[in-house]
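**Q** below: sequence and its predicted model.
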Amino acid sequence: MKKSLIVLSFLVFMTLGDAFAQRRNSSEYSTAIGVRFYPGAITFKQNFLHGNKIEAIAYFWNGKGTRITGLYEHYYDIEGLNGLQWYVGTGIHFTMYNEGEFDGNSYFGVDGVLGLDYKIKNAPLNISLDWQPSFDFAGNTGFNGGLGGLGVRYVLR
C-alpha cells in the first residue's frame, strides 16, 4: 500500500506542470537525435500533440545491461530567455541486465522527468539537463532517484 501511494504521488506531481506555467504554443524544433551523458545513452525527441514532445532513450551500461525509456514531456517557456524552456513529464522503462549483480534479470517501471531544454539559435543544436527519477515494479522494486544527465542533440528539423 505504501509503495502504491508513493507511485501515485509521484505521477500526480509529474503531471502538475499545467497548473504552474503557461503552455507553449509552438516549438523551437520538432525532431532531434543525439547522446546523453550519465550513463551513456542515445536519445531521440519528436514533437507530439500541441508542442509537447515524446522522448525515447536507450541507455547502455558498459556491456552489463540496457534500459529503454519512453517519456511524454510537457514544455513551457521561460519568460525573457528565448530558446530556453523547462519541461516535466512521465513515462515507462524496461531494463535488461546480462552481467554483474543483476545478471539475467529484467525490470520495468514508471519514470518522471524534470529538466531544462535549450535550442541554440541559428545552429542545429539542442542541449538539455534533467533529473529522471523512477520506480521499478518488477525485479529490484523500489525508487531510483539517480538517473538524469546532459543531453546533446542534432536538430533534424
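**A** The structure has been received and is ready for your questions. Numbering: from 1, shown residues only.
**Q** count of neighbours near Gly115?
**A** Other residues lying near Gly115 total 19 when counted by other C-beta atoms under 10 Å. Glycine gets a C-beta too; all of them are placed from N, C-alpha and C.
**Q** and the helices in the protein?
**A** For the chain, applying DSSP state H gives helices covering 2-14, 17-20.
**Q** rank those helices by pLDDT, which is bottom?
**A** Lowest mean pLDDT within those: helix 17-20, at a mean of 40.
**Q** pLDDT weak spots in this structure?
**A** 1-27, 63, 99-104 (pLDDT under 70).
**Q** tell me where it has strands.
**A** Using DSSP state E, the strands of the chain run over 31-37, 41-47, 53-60, 65-77, 84-97, 106-119, 125-131, 134-136, 142-144, 148-155.
**Q** distance from the chain centre to the third one, please.
**A** The offset between the C-alpha centroid of strand 53-60 and the centroid of the whole chain comes to 7 Å, using C-alpha atoms, centre = their mean, to the nearest Å.
**Q** switch to numbering from 258
**A** Let's use 258 as the start, then, which means that last one is strand 310-317.
**Q** what is it packed up against?
**A** Contact analysis of strand 310-317 by 3 or more C-beta pairs under 8 Å, 6 or more residues apart in numbering; DSSP states H and E lists strand 298-304, strand 322-334, strand 341-354 as its packing neighbours.
**Q** could you dump these to CSV with distance to Gly408 and mean neighbour count?
**A** Putting the helices and strands packed on strand 310-317 into CSV (distance: least, C-beta to C-beta, whole Å; neighbours: other C-beta atoms under 10 Å) gives the following:
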stretch, distance to Gly408, mean neighbour count
strand 298-304, 5, 19
strand 322-334, 12, 19
strand 341-354, 11, 19
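**Q** out of the ones you listed, flag the one nearest Gly366.
**A** Among these, the nearest to Gly366 by C-beta to C-beta is strand 341-354 (5.8 Å).
**Q** what lines up beside that closest one in the sheet?
**A** Applying DSSP bridges, strand 341-354 is found paired with strand 322-334 (antiparallel), strand 363-376 (antiparallel).
**Q** can you add distance to Thr352 and give the ones you listed back as JSON lines?
**A** Putting these into JSON lines (distance: least, C-beta to C-beta, whole Å) gives the following:
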{"stretch": "strand 322-334", "distance to Thr352": "4"}
{"stretch": "strand 363-376", "distance to Thr352": "4"}
